[in-house]
Every structure is written in structure tokens, then in C-alpha cells.
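**Q** one predicted model, sequence on top.
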Amino acid sequence: MNIFTLFQEKVVEAIQKVFGNEENLASVDLKKIVVEPPRDASHGDLATNAAMLLAKPFKQKPRDLAEKLAEYLRQDKDIAEISVAGPGFINIRLQDAFWAGHLAIILKNGKNYGANYVKEKRKVNIEYVSANPTGPMHVGHCRGAVIGDALANLFAFAGFEVTKEYYVNDAGAQVDVLAKSTYLRYLEALGEDIGAIPEGLYPGDYLKPVGKKLAKIHGVALKEMPESDWLPLLRDFSIDAMMDLIREDLACLNVRHDVFFSERKLHVKAEDGKSLIDKTLAHLEERDLVYVGTLPPPKGQKPENWENRPQTLLKASDFGDDIDRPLKKSDGSYTYFAADVAYFNDKFERNFDDMLYILGADHGGYVKRLGAVAKAIAGYEADLSVLLCQLVKLLRDGEQVKMSKRSGNLITLRDVVDEVGVDAVRFMMLYRKSDAPLDFDFSKVTEQSKDNPVFYVQYAHARAYSVFRMAHERMKFEENEWGKVELSGLKKLNDTTEIALIQKMASFPRIVETATQAREPHRIAFYLYELASAFHAHWNIGKDRPDLRFINENDKELTRARLGLVAAIRDVIAAGLLIIGISAPTEMR
RNA sequence: GACCCCGUAGCUCAGCAGGAUAGAGCAUCGGAUUCCUAAUCCGAAGGCCACAGGUUCGAAUCCUGUCGGGGUCACCA
């Protein structure tokens, strides 16, 4: 339950009761009335802008309206104090008992507090990573992988039905390049001197084991075949090998997909001689959305390279794109885009309501055309949205690390994880909103790992357990008693600092909602940092005020209540860490 | 030429479906440890929210334009 929504409903109800006979009430957009935590805690627990929004349509002073609403709301048993301030804000302070009751709710829900808030359980497809299966994953892939994964967890937590998907680009020319590169490594494994890897092929060492494996399975057999025979064989073999490699890389980051969708599947002819792309295009043709034409040359490019070629085009500009997009190359074969269209169609036929694409900033030009595809195929029956992650700039000691495939100083995802650890990598990637570029300085992340916010949050979780351990040692509290408190016991928690902690936890469901709606998993990371900070601060208050320490050996019931508070914090932090996919240690030394 | 993202403290960034005095961390300076892990906390200092207009009761937040930084732009994948 989100207390802000709860009180928003109460305020709306109050408006209808108090101003029911205002003729302009119908014209007021009640959704714009918000109840939120005031910026300054001294204003109260909740604040609403209702009166200010009503002032214009009602032609009355906002403060007068606020007074009337406040008078009505004052009857609410949960409200301790209500006042009008500033230009017409209504500030509400709630009864301590309300917060005790809310703490009981948190404890009852445990790690599911804030979960499953959605009323309509939409089917959501989140496609992320989708790196080409031609080698190991490099750092550049990290960000999308982590953001996509955290977003998927977030949506699942919110109560959506989520499928995590990886689109395997295994149909283009790069696959032949891969197969040929593997073939060389195979020859090498047979003892031949292959010299330097020729320009245009993949030089990476990661293909060596694949070549060896081939030599082991096939001996010299492949060597004696013509290329037309070994090529298709090696395509499959090396793609499988690369996908295994990628899956392992992703596992290092704790990223696991539900579906790996092969692009080749879209090109394969079915029994009726038609591929999925054929069928999708036929369907679009029926609706007159496809035509043969030529595209204008892009402005700002050298026009001398431009050739006027008739191509099969999708009328993407009818659906918000800048220009129409080619479905077929001039030689009649399908473009990559055509496969994309068929792929979207496939997702649509799998009944997803929302398709999310997590793409790198270098794919910014795709946003409009993907949107057009969705509109053309699904109309308003499904939503497609694209989340662009800006690029990661890799630094070491403040110097940019240059990567180039040719010189072989490619920094892989695994290098990064090995050096700084999964938790730190994931947190770093999420401790920034995705549409801002990210500087990732190795030396900083490793050297300052103690100052890394991830440890700060994890430490708060560990600290909770430290309290439990101490409670066990000193007062014989057992593990199953940590969060077990009656409401009457929780009412002992009436210090303002304790209430403030409960309030901080109470905003978690709201954060989950806004993070889901805005598709911004970084909000969870920031929230966790704040909650951890509040907990650490409260802990230290115990130094000056021993009466506020969690453990009070003279009062078992008070201690029990405070352990409840700690358990709730532990649960909320654990829930948040689970969403962003970071471990929640019970001890850090 | 067009499109997308960004511009907030010395540095790295939050805040942006409009709300009250713009917040953290780092760095700087000053404090807290016989006391539940100091991987922590408390305090000080630090701002024309790039600039200029507009919308309104109210703008860091929305709109337009300018400047600056990054990315992208026809049969590649």
C-alpha cells in the first residue's frame, strides 16, 4: 500500500464532499492533485497542492479553499495535525499510531513490501544486451545489460509479467566472418601456421578454443571439404560457442535472460515456402504500407556517393518516422530492418502489451523507426518504448582508455567484473540516470571501493544483522523473533527519529511506482542510499543518547519493538537490493 | 543540413508528468571511537540550476530560440 495514494484519495474525497456543489468541479483534473512528502520535514508528514489547483476554476483564494479542506480532513482519525501554509499548501501530520501501524504492515509484507502494486498485470517484454554473437562481451555492453536487468526485476516486483529477451543477430554477413575466422583457428589447432589474422576477420584469442574443439571433433575432415560445405557447419558451431561465451559473461554480471531469440528463425522458410519475414511483409502489403521507391539522399552527406536505387520501402513516415525505411536491398534481399519488423510482429503475436528495448546511444536513430514499426503493426494494441543508455567512457587514472578491436586491447566485461566485482559494477551502472553519459574510472572504483556507495548500502544491511547478533548474545533473542512484534509493542516507537525512519520506509512503494512508470531503475539505487544513510545516522544517535539504542537490556519489550524497526529496514533494503541485483550481505568485516 | 541526449556547488551527479529556503557524495576545514562493526556519524564552507525570452498564482522542472559538450543520420549489422 502506498500511503501517498491513500491520502490522495482522501483529499479527493474531501474535495467532492466540501465543494460538491461548485459548478466548475467537473473541469478540475483531480489527477493533478498530489500528496507527497514535503521538502522540509518540519512542515509535516504529507503535503498537498489541492487548494492551489482549485483556486482558478473556483475563483477563490487558495488559502481560503485550503482552510475549508483542512477543516474537513481534520476529522480523519489518522491525522494529528493539519495546517495551511505558504501559498496554500495543506500540511498534514499523522498520528504516531498510524506510523506504528504502518510499520506493522511493512513487517507483515517483509521483502514484498511495495511489490505487486499494479492493478492490470500487463505482459512486458524487455529486450536488452542483444550484442552480436561474434565474441565476448565488452565493457560497452555492461550498462545496457545492468539497466535492462534491473528494469526487468523492477517490473516483475511491481507485478508485471516480465520476459527478459535477447535478440541474437545471427543472420548477417558478420556470421560468415565469424565462421571464417573460426576456420583459421581450426587450421591453427591442426598445427598449421596461419600467420597474422587477415584484415576483416576477427583476430581475438577467444576463437582459439573453438578451433581446438573443432579439430578434436572433426580431425582433418573439414580441411578436406570445400568452403561451401564447411561454412554452414562452422556458422552454427561458432555461433553456439559464442552464445555460450556470452551467457557465461552475462552470468558474471548476474544477468540471465528468459528467451534468446534467433534472427535466423525469421529467415527460415516454413513448409509453405515462406519465412516469417515474408509473411509479415505480405501482411503489411495487404494494408498498403509497402511500396517500391527511391529515397532522397541524406542531407549533409557527400552527395557524390549517392546512388538512386529503387527499393522496397515501408511507409514509416505515415507513423511518425522522418523517412520511409528500406525493407529490401536493391538486390532484393531483406534488410536488417525487415527482420526487425518481423521480430516485432512475432513479439506482438506472443501477446505482449509492452515491448521495451534497451539500446545504446549509438542506436538513437532507431527510436523513431521502431516506434513506427510498432504503430504500423500493433496500432494502439501494444506499446513499444525505447530506453537509450548513453555511452560509458572508460577511464584509468583520469585518462580515457582507448579500445580498438584491431590492436586487441579490448576490455571485456569480464575484465571489469574481475577487477571491481559484480556488485560494484552493477551499482555504478545504476547510480546514474541512463540518459546521462557515464564516466567509469577503474582506478577510482577500485581504489575508493570503501567509499563506493554500494558498500554503504550493503553495510547498512549488514549492520542490521549486527544488531540481531548482539540481541541474541546479550538478550537471547532468537532469529525467528527479530521481526515478530505486536502492534501494541510497536507503539513504543515514538521518538521522532524512529518515526522518521518509518516514514522513509513508507516512501519505498512510491519510489517503486515512479521508478516503474518512468522506467528509471536508478531511482531505487538512490533511494537505497538515502535509506541506508538514515539508518546509519540513527545508529549514531545512540552514541549521544543511549536511551535510543536498539538494544536496551533493561527493557525486553522495547528492544523487541526496536528489533522490529531494524528488521523492517533490513527487509526494505533487501527488497531494493534484490531489484537492482546486488547481494545483501549479513556481515562485512 | 536533420534528429536524439546532456549542460545544477571546485569535481562526480540527484532533483524535472511545475510547488514552499535547490540536495547528496568526493575534495577542503573542524569535530565524534572506554558506548549496538568509525566500511559510520555530526558541523562549516561552497550556487545568476549554460544564456535569453515565453506560459502561470508559482519554473532547475514545461515551450521557443541561442551557445557549449556527446551521439546518430541511405542497400552494414
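**A** Cool, the structure landed. Residues are numbered from 1 along each chain as shown, chains lettered A, B, ... in the order given.
**Q** what lines up beside the host helix or strand of residue A:356 in the sheet?
**A** Residue A:356 belongs to strand A:354-360 when assigned by DSSP states H and E. Sheet pairing here is set by DSSP bridges, and for strand A:354-360 it gives strand A:123-127 (parallel), strand A:383-389 (parallel).
**Q** most neighbours per residue, which of those?
**A** strand A:123-127 (a mean of 23; mean count of other CB atoms under 10 Å). All C-beta atoms are positioned from the backbone trio N, CA, C, and that covers glycine.
**Q** what helix or strand does the residue nearest to the spatial centre of chain A sit in?
**A** Residue closest to the mean C-alpha point of chain A, counted by CA atoms, centre = their mean, is residue A:151 at 2.1 Å. Using DSSP H and E, the element containing residue A:151 is helix A:139-158.
**Q** quick one: low-confidence parts of chain A?
**A** A:1, A:298-306, A:398, A:403-409, A:446-451 (pLDDT under 70).
**Q** what about the helix or strand following the strand holding residue A:356, near RNA strand B?
**A** Sequence order places helix A:366-378 as the next helix or strand after strand A:354-360, per DSSP H and E. Yes: with CB under 7 Å from any atom of the strand as the measure, helix A:366-378 is seen reaching RNA strand B through A:366, A:367, A:368.
**Q** quick one: residues contacting the second one.
**A** If a contact means CB atoms under 8 Å, 6 or more residues apart in numbering, then residue A:367 has A:359, A:386, A:388 as its contacts.
**Q** who's the second one bridged to?
**A** Read it as residue A:386. Bridge pairing for residue A:386 - DSSP bridges - gives residue A:357.
**Q** and the gap between the residue in the stretch 51-200 of chain A that RNA strand B sits nearest to and residue A:247?
**A** Minimum separation of the stretch 51-200 of chain A from RNA strand B (CB to the nearest atom of the strand) falls at residue A:172, amounting to 2.3 Å. Residue A:172 sits 21 Å away from residue A:247, going by CB to CB, to the nearest Å.
**Q** before we move on, back to that, surely the residue nearest to the centre of chain A and residue A:521 touch.
**A** Yes: Residue A:151 lies in contact with residue A:521 (CB atoms under 8 Å); the separation is 5.1 Å.
**Q** surely residue A:212 touches residue A:189?
**A** Yes: contact criterion CB under 8 Å: residue A:212 and residue A:189 qualify, at 4.4 Å.
**Q** the more surrounded of those two?
**A** residue A:189 (18 against 15; other CB atoms under 10 Å).
**Q** what's near enough to touch the more buried one?
**A** A:208, A:211, A:212, A:214, A:215.
**Q** how close does it sit to residue A:241?
**A** Distance from residue A:189 to residue A:241, by CB to CB: 13 Å.
**Q** I'd say residue A:93 and residue A:79 touch.
**A** Yes: assessed by CB under 8 Å, residue A:93 is found in contact with residue A:79 at 7.3 Å.
**Q** okay, those two: which has more neighbours?
**A** Remark: of residue A:93 and residue A:79, residue A:79 carries more neighbours, 20 against 15, as counted by other CB under 10 Å.
**Q** tell me the phi and psi of that one?
**A** phi -90, psi 120 (degrees, to the nearest 10).
**Q** with residue A:290 instead?
**A** According to degrees, to the nearest 10, residue A:290 has phi -130, psi 140.
**Q** phi, psi for the closest residue to it other than its chain neighbours please.
**A** Leaving aside its sequence neighbours, residue A:290 sits nearest to residue A:284 (CB to CB, 6 or more residues apart in numbering; 5.1 Å). For residue A:284, the backbone dihedrals (degrees, to the nearest 10) come out as phi -70, psi -40.
**Q** run a quick neighbour tally on residue A:284.
**A** Residue A:284, neighbours per other CB under 10 Å, totals 20.
**Q** between the helix or strand residue A:337 falls within and strand A:383-389, how many degrees?
**A** Per DSSP H and E, residue A:337 falls inside helix A:336-349. Helix A:336-349 and strand A:383-389 are oriented at 130 degrees to each other (axes from the mean of the first three to the mean of the last three CA atoms, to 10 degrees).
**Q** tell me how far the residue lying farthest from the centre of chain A lies from RNA strand B.
**A** Largest separation from the mean C-alpha position in chain A: residue A:224, at 49.6 Å (CA atoms, centre = their mean). Here residue A:224 is placed at a distance of 29 Å from RNA strand B (CB to the nearest atom of the strand, to the nearest Å).
**Q** give me the phi and psi angles of that residue.
**A** According to degrees, to the nearest 10, residue A:224 has phi -90, psi -10.
**Q** go on, residue A:260?
**A** According to degrees, to the nearest 10, residue A:260 has phi -110, psi 110.
**Q** returning to what we had before: so the residue nearest to residue A:290 touches residue A:313, yeah?
**A** No: taking contacts as CB under 8 Å, residue A:284 lies outside contact range of residue A:313: 10.8 Å.
**Q** between the two, what contacts are shared?
**A** residue A:290.
**Q** one step back: how about the contacts made by the residue nearest to residue A:290?
**A** A:290, A:314, A:341, A:376, A:377.
**Q** domains in chain A, by residue range?
**A** A:3-94, A:100-116+A:449-580, A:173-252, A:263-389 (automatic domain parsing).
**Q** now the helices: where do they sit in the stretch 351-500 of chain A?
**A** A:366-378, A:413-420, A:422-430, A:442-447, A:453-475, A:487-490, A:496-506 (DSSP state H, counting those that start in this stretch).
**Q** save the residues of helix A:366-378 next to RNA strand B as JSON lines, and put in distance to residue A:49 too.
**A** Formatted as JSON lines, those follow (distance: CB to CB, whole Å):
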{"residue": "A:366", "distance to residue A:49": "39"}
{"residue": "A:367", "distance to residue A:49": "33"}
{"residue": "A:368", "distance to residue A:49": "35"}
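**Q** out of those, who's nearest residue A:9?
**A** residue A:367 (36.3 Å; CB to CB).
**Q** the closest residue to RNA strand B within the stretch 401-550 of chain A - how many residues pack around it?
**A** Nearest residue of the stretch 401-550 of chain A to RNA strand B: residue A:542, at 2.5 Å (CB to the nearest atom of the strand). The number of residues packed near residue A:542 is 14, by other CB under 10 Å.
**Q** so it touches residue A:552, yeah?
**A** No: using CB under 8 Å, residue A:542 is not in contact with residue A:552; the gap is 10.2 Å.
**Q** what's the helix holding residue A:337 packed up against?
**A** helix A:264-267, helix A:276-286, strand A:354-360, helix A:366-378 (3 or more CB pairs under 8 Å, 6 or more residues apart in numbering; DSSP states H and E).
**Q** what sits up against stretch A:270-283?
**A** A:265-269, A:290, A:312, A:327, A:334, A:338-339, A:341-342, A:345-346, A:377.
**Q** hmm, try it at 6 Å
**A** Outside stretch A:270-283, the residues within contact range by CB atoms under 6 Å, 6 or more residues apart in numbering are A:266, A:267, A:268, A:269, A:334, A:338, A:341, A:342, A:345.
**Q** report the buried residues of that stretch.
**A** Neighbour counts over stretch A:270-283 (16 or more other CB atoms under 10 Å) mark A:275, A:276, A:277, A:278, A:280, A:281 as buried.
**Q** nearest to RNA strand B, of these?
**A** So of these, ranked by how close each gets to RNA strand B (CB to the nearest atom of the strand), first place is residue A:277, at 12.6 Å.
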